[in-house]
Structures are given as structure tokens and as C-alpha cells.
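[1] sequence first, then the predicted structure:
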Amino acid sequence: MYNNPNGPRQSALHRIPALMAHCTLDITVDTALLDVLTASSSPGKAIKAHIPRRDAALDPLLIAAAAASGPHVTRNHYHHDFFPAAPLPNLDEWARKSVDDVSGKPERRRLAYVSRQGPRRQRIVDEGSKENEHRRDVEPLQPADNVPSKKRRPSLAASPNASEGRTRSKSITVSDSCTSSKALPRLEVKCMARTRIPTPHGPAFLHLYHNNRDTKEHLAIVVDSAQFDDSVPAAPPIRSRSLDAVWSENETEMDRIIRGAYSGRLSATHQKALDPSKAVHSTTFSSLPSPLIRIHSECYTGETIGSMRCDCGEQLDEAIRQISQPITVPATPTSPTLTVPGRGAVIYLRQEGRGIGLLSKIRAYNLQDMGHDTVTANLMLGHKADERGYEIAAAILKDLGLGYESASCSESVRILTNNPDKVEALKREGISINERVAMIPRSWQRRQNQGGAGAVAVKQEPQQELLGATMIGGKSVYGEDLDKYLRTKVVRMGHILPLWLEEAAESAVY
Ligand SMILES: Nc1nc2c(ncn2[C@@H]2O[C@H](COP(=O)(O)OP(=O)(O)OP(=O)(O)O)[C@@H](O)[C@H]2O)c(=O)[nH]1
């Protein structure tokens, strides 16, 4: 039907005026128009012979179905004029027609495309398998992620059941008692794999976690190189209980080694699975300072492209650097002064943009360029200033035996942060914190060291020159946007930092 070998496009074009005069969409008109629209080549047989048609032929049924289903088909199709002869609805009149219910004043209607799909995280889960079917009615459909919502979106931590089943598919999971909401299922985290990562500050063990609250893969970067060397008298190794546990009766030594449940340093000649019955989780070494930890929130812009709108890249680097610093244990009557490797962990939470996600953070940046600060920008987008939750972080810490006082372990932690809310949230989740260690921005330390008025003396260490674990975060950088962000954290979010911004220093990279 749509390939009309006898009637070239040009001859069909001549028939349009006659057809349009009647302006009826009967089947004859449809057919004739479709012939015009879908003729297989441009006029001229010579050209037709040499240039084969490259586009897909239009299916008249598809066109008819799209037209019949009305203007809401999609935002893009709405203005398409499938039938040049048929009058389009008068959009201006339609827009003027509506009247605001409350005020009675005319209100302009806006054409808005709102996807009827659920958010991506829900679709990913739903598409998974049959065992996810019961979740389809858990969450009502939400507005699409590509439409700014006036309503506040739930925090990451509040997405119930998102990955339920994933951790349960294994026989061992680590559970804890830190569920802060009764409506949510008991929080479970499970370390799925662990591996050694050499960093510019020393070796670290990267742990990847699954949980039953969200679909994110949260991480723990554990610094504890004493695990490589049995002769180092140190505190108990920082190891994941869920990773080291026996996952199934059939698991082999190699299964355990590949997921990271090995002891010492893995090499071509040393491959020793950790014997679960011998996993050391109970000793404490009282003369050592408590392990140093940081709860770090993902920041794509700061950690990968070196954004100087925030200090996230350098904070991640600085945390790994500080945790890796060797610890000196003072002499006792029975033992001499000891230096042992640094010990602690960075819990890396996938809570981009303080929990609002990268898309909203990017929008917030545009609002910030228009003069709003980071807090106001979040509020303008319908978010809270901070939508993060720390239940998962607390559960991971407990899985690593950090800050968790139980029968088998009682070790408090020191935490690297300026954010008092973070400390409170972790304490509420049962984490024992005995000290908060401030994170002074490197650019502030530099300027203080260069003798600014009112400067707080902070020791400058040569290691700070090192390119850091994130490479980008390793340098001390200064910029106007960064200063503005830091100031807002102190002034509007109550971060505990000595504010040292008397002069508007010129942008410079140190
Ligand atoms: N919404 C929003 N998030 C931002 C912005 N800049 C950085 N972030 C995010 O903020 C998070 C880091 O939080 P911060 O407020 O910088 O610091 P904190 O973690 O609360 O406190 P510290 O422990 O002292 O670092 C990361 O997830 C970043 O992606 C911004 O302008 N808007």
C-alpha cells in the first residue's frame, strides 16, 4: 500500500489540493496522503534507480494508531501534523481555558510531559526476576526523574525493600539492630567482595557491600596493613564478619579467596583462605588510639572531574592519608615505644549530592550560579538541605567491628568530620564515638600557614603535596566557589570549622 510503484510522489502531490478541499478523513484521503508521504523515492526515475531508499518505510497502521490515541501520545509527537488537512486543536485557546480552582483566576495551562514509568531504581528492581514480583505494588508510581518535583523526594535510605532478596539469596547475612523506622524491614548489609588496593598513601582493602534498603553498592575502604604482617603487634584486624562467614556448605577455598576471605597478602605463591573458625574478632589492644573513620558521601563532580565547587575530592584523599599515618604507641614499663601502621576505614556511601542525586545537584549548581547558596538551592528544588541517612553506614561499621560495643568486640572510633549531625546520627545508630577529628580544608591551612590575620596554626605536612588516592583530590586548591561552599557549610549547616575567610583571596591553584 505505501509503496506505490505506479504513482511516483510527484503525481500524488498533484492530487493533494483536490483531496484537501473535502477535508474529510475518510479512507480514500488517508490512503492517498500516505502514498504521498511514504512514496518510495523522490521524483525522477533516474534518481530512483540510483539512490535506494534508506529510511524505514512508514507503517500506516502506526500513524493511524498514534493519531487516534490523541495529543497526549508524547510531548514530541503532539505537534506533529500527521494529517495536514485536519484542523489541529487551538492550543492558545486550550491553554487559556483553564481556571484556577482556588482563586477563580484564569491560569495558563502548561503542556508537560510526565512519564508514567516508575523511577529507574524501581524499574531495575522490578525487571529483575520473578522473586521481585511482589514488589510491584509496594511503591506507587512516582513522577519521572526528569521532571523537577515540587514535593520532597524520599531520602535514599527510605526506599523500602529495594534490593530485598539479593542479600537473602545467600545463607549468611549480617544483621543489626539499627533500624530507625518501624515500617522498614530489618536492615541487613553483606560484604560481597574485598580486595587490596594500593593507594599513594599506602595499601587499603576495598569492600563492596549490598544491603536490603537501597540498590546502591556502598563501599568501605579499610586501612589496616598490619593484616599483611603477622609479626606486627597491632589491634584486631578490621575484617568483615559477613564476608568471612561461611556462605554455603559447598563453598570451596577458592570461592572464599576470590571473594576476598583470605588471610595475609594474596599472591601467586600465597593463597590462604581465612579459616572462619579462626577469624580473630575479639582481641583489643588497649594502648592503641581508637581507629580513625570517615563517613564519606559520593560526589561525582568533586572526586572525578576535580570540581572546585566543593571540597569532597580532597576530603576523600585527606581521610585516606590521615588514616594511613603510622601510629606511635608510647613505651610502657614492659615494652618500648612502638610504631604500628595506621588503622581505620572510610565508609563510602553512594549518597550523591547529600542524598538528592546527581541530576538535582547539577540543577542546584545552576541555581547557585544565579546567586543562591547550596542550602537554598536544595530547598528551591523541593529537597531538604540534607537528605542523607546513616543507618547503612552504621551497619557497615558494625560488620567491620568498628565502634560497635558487643560481647565479642568493644572498640570506639574517632571520626573525621566537621558535621555534628553526622556524629549525632551515628551515635543514634549505636556507634560508639570517642573523638571527633576536624577536617580543615587544605586551602585554608595553606593560607593560614602563609600568615593571614586570625589564622589558626595548623601543621603543614609535606605529604600533602602528594597526589592523592583520587589524584584530583591530592592537591590543595583554592577557588571562589569552593570558599563560598565552605562558608555556607559553616554558617548555614553548622559545620564545626574555624571560619577563616577575612579576605577574598584571588583564585589560584597552589
Ligand atoms: N545538594 C548539593 N550537594 C552537594 C553540593 N556540593 C557538594 N555536595 C554533596 O555533598 C556531599 C558531601 O557533604 P558535605 O556537606 O560537603 O560534607 P559532610 O559530609 O556533611 O561533612 P564532612 O564530614 O565534614 O565532610 C557529597 O555527596 C556531595 O556530592 C551542592 O552544592 N549541593
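    Great, that's in hand. Numbers count the residues shown, from 1 in each chain.

[2] avg pLDDT for stretch 328-340?
    Model confidence over stretch 328-340, given as mean pLDDT, is 81.

[3] in that stretch, what's buried?
    Along stretch 328-340, the positions that meet the burial threshold by neighbour count (16 or more other CB atoms under 10 Å) are 329, 338, 340. Glycine gets a C-beta too; all of them are placed from N, C-alpha and C.

[4] where does the stretch 201-350 of the chain dip in pLDDT?
    Applying pLDDT under 70 to the stretch 201-350 of the chain flags the ranges 230-234, 278-286.

[5] now do the helices in it.
    Assigned by DSSP state H, counting those that start in this stretch, the stretch 201-350 of the chain shows helices spanning 241-244, 253-259, 300-304, 312-324.

[6] out of the ones you listed, which is closest to the ligand?
    Checking those against the ligand by CB to the nearest ligand atom gives helix 312-324 as the closest, at 5.1 Å.

[7] would you turn the helices of the stretch 201-350 of the chain into JSON lines with distance to residue 421?
    Rendered in JSON lines, the data for those read as follows (distance: least, CB to CB, whole Å):
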{"stretch": "helix 241-244", "distance to residue 421": "28"}
{"stretch": "helix 253-259", "distance to residue 421": "35"}
{"stretch": "helix 300-304", "distance to residue 421": "20"}
{"stretch": "helix 312-324", "distance to residue 421": "16"}
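
[8] okay if I get the buried residues of stretch 328-340 as CSV plus distance to residue 35?
    Conversion of the buried residues of stretch 328-340 to CSV gives the following (distance: CB to CB, whole Å):
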residue, distance to residue 35
329, 89
338, 90
340, 85
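
[9] ok, back up a step: how about the helices of the stretch 201-350 of the chain, which one is nearest residue 411?
    Comparison of the helices of the stretch 201-350 of the chain against residue 411 by CB to CB identifies helix 241-244 as nearest, at 13.8 Å.

[10] helices and strands around that closest one, which ones?
    Contacts of helix 241-244 with other secondary structure elements, assessed using 3 or more CB pairs under 8 Å, 6 or more residues apart in numbering; DSSP states H and E, are made with strand 188-199.

[11] packing partners for the strand it packs on?
    Contacts of strand 188-199 with other secondary structure elements, assessed using 3+ CB pairs under 8 Å, 6+ apart, are made with strand 174-175, strand 202-211, strand 218-224, helix 241-244, helix 253-259, helix 391-399.

[12] any residue of stretch 315-326 up close to the ligand?
    Yes: using CB under 6 Å from any ligand atom, we find that stretch 315-326 touches the ligand at residue 315.

[13] quick check: residues of the stretch 301-450 of the chain near the ligand?
    Residues of the stretch 301-450 of the chain that fall close to the ligand, judged by CB under 6 Å from any ligand atom: 309-310, 312, 315, 351-354, 356, 361, 364, 374, 378, 417-419, 422, 439.

[14] ok so, going back, out of the buried residues of stretch 328-340, which is nearest to the ligand?
    Nearest to the ligand among the buried residues of stretch 328-340, counting by CB to the nearest ligand atom, is residue 340 at 25.9 Å.

[15] output the helices of the stretch 201-350 of the chain in TSV; the columns should cover mean neighbour count.
    As requested, the helices of the stretch 201-350 of the chain are arranged in TSV below (neighbours: other CB atoms under 10 Å):
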stretch	mean neighbour count
helix 241-244	24
helix 253-259	15
helix 300-304	18
helix 312-324	25
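
[16] of all the ones you listed, which lies closest to residue 370?
    Taking CB to CB as the criterion, helix 300-304 is the member of these that comes nearest to residue 370, at 17.9 Å.

[17] how about the residues of this protein near the ligand?
    With CB under 6 Å from any ligand atom as the criterion, the chain comes near the ligand at residues 297-299, 309-310, 312, 315, 351-354, 356, 361, 364, 374, 378, 417-419, 422, 439, 489, 495.

[18] buried among the residues of the stretch 301-450 of the chain next to the ligand? Need that as a selection in ChimeraX.
    In ChimeraX, a selection of the buried entries from these looks like this (16+ other CB under 10 Å):
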select :309,310,312,315,351,352,353,354,356,361,364,374,378,417,418,419,422,439
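
[19] show me the residues of the stretch 301-450 of the chain next to the ligand that map onto helices.
    Counted as lying in helices by DSSP state H, out of those, are 312, 315, 361, 364, 374, 378, 422.

[20] biggest separation within those, which pair?
    For these, with distances taken as CB to CB, the pair at the greatest spread is 364 and 422 (20.2 Å).

[21] hmm, residue 264 is touching residue 226, no?
    No: the pair residue 264 and residue 226 does not pass the contact test of CB atoms under 8 Å, sitting 11.0 Å apart.

[22] wait, doesn't residue 239 sit right on residue 401?
    Yes: between residue 239 and residue 401 there is a contact under CB under 8 Å: 7.3 Å.

[23] tell me how many other residues crowd residue 202.
    Using other CB atoms under 10 Å as the criterion, residue 202 is surrounded by 17 other residues.

[24] give me the nearest residue to it, chain neighbours excluded.
    With sequence-adjacent residues excluded and distances taken as CB to CB, 6 or more residues apart in numbering, residue 202 is closest to residue 324, at 4.3 Å.

[25] so that neighbour sits against residue 223, correct?
    Yes: using CB under 8 Å, residue 324 and residue 223 qualify as a contacting pair, with a distance of 5.2 Å.

[26] need the overlap of contacts for those two.
    With contacts defined as CB atoms under 8 Å, 6 or more residues apart in numbering, the residues shared by residue 324 and residue 223 are 201-202, 204, 341-342.

[27] and these, which are buried?
    Burial by neighbour count, judged by 16+ other CB under 10 Å, picks out 201-202, 204, 341-342 from the shared contacts of residue 324 and residue 223.

[28] now, which of these sits nearest residue 394?
    residue 204 (20.8 Å).
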